[in-house]
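Participant: quick one, what's the 3D model for this:
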Amino acid sequence: MVVGDFARDLELVVIGSGPGGYVAAIRAAQLGKKVAIIERDAFGGVCLNVGCIPSKVLIHAAHHYVDVKADKFGVSAKEVEVNLEKTQRWKDEEVISKLTKGVEMLLKKNKIEIIKGSAFFNGPNHLRVVNGEESSSYQFNEAIIATGSRPIEIDGFKFNGRVLDSTGALNLKEIP
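Facilitator: Numbers count the residues shown, from 1 in each chain. Model prediction:
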């Protein structure tokens, strides 16, 4: 520990606010633990922000497109077009943003301390959280590591616009 840097005490620290992390944090708080959750990105993790939920939002929009072009049911619509920019904005602002705010509200409602930044263990029951130029030290009794996943690049298949990871696929600016 750096001289003059005082570690704050935490009973339980949860690293990651995806479905595993925020649910564990809430349950521990409900059982009487003093809980803090550490998140470096948006609340909700991969599933809510760049995985399960956004993919279902885009599939839902695609179903509406197919429904409008339902000639076999006697419904005929001429010149149906997709405004992908508007669809992406709906996904990001109307769905994902509201759900991430919902996760944050649940954490606050359950009196869970929210710490923004990346966590690094620097000893038994000690960690440092770095957020930009700032860092803080914490001591804890117990930790849950719920950091989720991210795609890995394979040699020869770098994410470059032609090869996409899920985040790239869900944020396309034009229909392929």
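Participant: hmm, which helix or strand of the chain has the shakiest average pLDDT?
Facilitator: helix 166-170 (a mean of 89; mean pLDDT, DSSP states H and E).
Participant: would you mind listing the buried residues in it?
Facilitator: Buried residues in helix 166-170, counting neighbours by 16 or more other CB atoms under 10 Å, are found at L170. Bear in mind the C-beta positions are built from the backbone N, C-alpha and C, glycine included.
Participant: could you say what helices and strands that helix packs with?
Facilitator: helix 45-50, helix 52-68 (3 or more CB pairs under 8 Å, 6 or more residues apart in numbering; DSSP states H and E).
Participant: so which of the ones you listed comes closest to G168?
Facilitator: Within those, the stretch nearest G168 is helix 45-50; the backing value is 9.3 Å (CB to CB).
Participant: same for that closest one, what does it pack against?
Facilitator: Using 3+ CB pairs under 8 Å, 6+ apart, helix 45-50 sits against helix 19-30, helix 97-109, helix 166-170.
Participant: give me the contacts around that helix.
Facilitator: 16-21, 41-42, 51, 53, 96, 99-100, 103, 148-150, 166-167, 170-171 (CB atoms under 8 Å, 6 or more residues apart in numbering).
Participant: next, work out how far apart T147 and E79 are.
Facilitator: For T147, the distance to E79 equals 47 Å [CB to CB, to the nearest Å].
Participant: who's more crowded, those two?
Facilitator: T147 (19 against 4; other CB atoms under 10 Å).
Participant: secondary structure class for the more buried one?
Facilitator: With DSSP: H, G, I helix; E, B strand; the rest coil as the basis, T147 sits in coil.
Participant: confidence score at the nearest residue to it once chain neighbours are set aside?
Facilitator: Leaving aside its sequence neighbours, T147 sits nearest to G16 (CB to CB, 6 or more residues apart in numbering; 4.4 Å). pLDDT for G16: 98.
Participant: hang on, isn't E39 packed against K116?
Facilitator: Yes: judged on CB atoms under 8 Å, E39 makes contact with K116 at a distance of 6.3 Å.
Participant: so which of the helices and strands packed on helix 45-50 is the most surrounded?
Facilitator: Among those, ranked by average contacts under mean count of other CB atoms under 10 Å, first place goes to helix 19-30 (a mean of 19).
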